[in-house]
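*Asks:* next come a sequence and a model predicted from it.
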Amino acid sequence: MPSYFTGLLFGLIFIFSFGPGFFALLQTSVQKGFKKAIFLALGISLSDVLYVALAIMGLASLLEKPTARMWMAIVGTVVLIAYGLYSWFKKPKIYQEKQEADTELSYLKYMLKGFVLNGFNPFIVIFWLGIIGLVAVNYDYSSGEQIYFFVGVLTTILVSDITKAFIAYRLRAMVTPKKILILNRSVGVILILFGIQMIYFLFNNFLID
């Protein structure tokens, strides 16, 4: 169990990470409500859990194969740029309580969105493989202790994501349609830039000898 608490503390390092998921999380919380943002965060966390589990089970080599990384980068590029363009053209809309029916399907849609947005990002794979390598070198953990450690890390990251979404939700009263438009377009530009970065990653690693 001490490894779990070490993981909780280790996860604090990533509280201020600002990837595509972070901006989608803020946008969802302001425009669709806190509950849907929670499910988006759960989807993001689920993709992290998948990669950590694969690595711990010794299947990291599957993620390191050039073909797998190339296709992840292609799908990730399409997802980021498509969602970025959607955000740019999206009409400004502030969430109001009970303005739209909350169904299990709508919550699952946001969980899937979070999973895809985070899961098809090859940089996330590289990130987790790097962390796993770092832990293997610096901590003399058994396989069980490694699991506890990463459960701690993932718990901290999930709680911090939900906290960010809650803060954004509480501040929505200060948000006007004009500010929402700026938010949408800012998120759109940021996601498109992440997509362009992914294109560079593709060309640099797979398409240019």
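*Replies:* Cool, got the structure.
*Asks:* which parts of this structure are helices?
*Replies:* 2-11, 20-32, 34-56, 60-64, 66-89, 104-119, 122-138, 143-170, 177-202 (DSSP state H).
*Asks:* what stretches of the chain score poorly on pLDDT?
*Replies:* Across the chain, the ranges flagged by pLDDT under 70 are 58-64, 92-102, 137, 175, 206-209.
*Asks:* give the contact list for the nearest residue to Leu108 once chain neighbours are set aside.
*Replies:* Once flanking residues are discounted, Leu108 sits nearest to Phe39: 7.4 Å by CB to CB, 6 or more residues apart in numbering. No exception for glycine: its C-beta is placed from N, CA and C like everyone else's. Phe39 sits next to Tyr107, Leu108, Tyr110, Met111, Gly114 when contact means CB atoms under 8 Å, 6 or more residues apart in numbering.
*Asks:* quick one: contacts for the fourth one?
*Replies:* Counting by CB under 8 Å, 6+ apart, Met111 touches Phe39, Leu40, Leu42, Gly43, Leu46.
*Asks:* can you pick the most crowded of these?
*Replies:* Of all these, the highest neighbour tally under other CB atoms under 10 Å goes to Leu40, namely 30 neighbours.
*Asks:* gap between the nearest residue to it once chain neighbours are set aside and Asn138?
*Replies:* Leaving out its chain neighbours, the residue that sits closest to Leu40 by CB to CB, 6+ apart is Gly114, at 4.1 Å. Distance of Gly114 to Asn138, given as CB to CB, to the nearest Å: 30 Å.
*Asks:* ok, the two, which is more surrounded?
*Replies:* Using other CB under 10 Å, the more surrounded residue of Gly114 and Asn138 is Gly114, with 26 against 8.
*Asks:* and stretch 42-55, how far out from the chain's middle?
*Replies:* 10 Å (CA atoms, centre = their mean, to the nearest Å).
*Asks:* swap that for stretch 37-50, sorry
*Replies:* Between the centre of stretch 37-50 and the centre of its chain there are 7 Å (CA atoms, centre = their mean).
*Asks:* what does stretch 168-176 give?
*Replies:* Stretch 168-176 sits 22 Å away from the centroid of its parent chain (CA atoms, centre = their mean).
*Asks:* just the C-alphas of it, formatted as PDB.
*Replies:* The C-alpha coordinates for stretch 168-176 follow below in PDB (Å, rounded to 0.1, in the frame of the first residue of the first chain):
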ATOM      1  CA  ALA A 168     -15.200  25.500 -15.000                       C
ATOM      2  CA  TYR A 169     -18.800  24.500 -14.300                       C
ATOM      3  CA  ARG A 170     -19.000  26.800 -11.200                       C
ATOM      4  CA  LEU A 171     -17.600  29.700 -13.200                       C
ATOM      5  CA  ARG A 172     -20.100  29.300 -16.100                       C
ATOM      6  CA  ALA A 173     -22.300  32.000 -14.500                       C
ATOM      7  CA  MET A 174     -19.600  34.500 -15.500                       C
ATOM      8  CA  VAL A 175     -19.600  33.200 -19.100                       C
ATOM      9  CA  THR A 176     -21.400  35.100 -21.900                       C
END
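*Asks:* about what we covered before: doesn't Phe22 make contact with the residue nearest to Leu40?
*Replies:* No - judged on CB atoms under 8 Å, Gly114 makes no contact with Phe22 at a distance of 11.1 Å.
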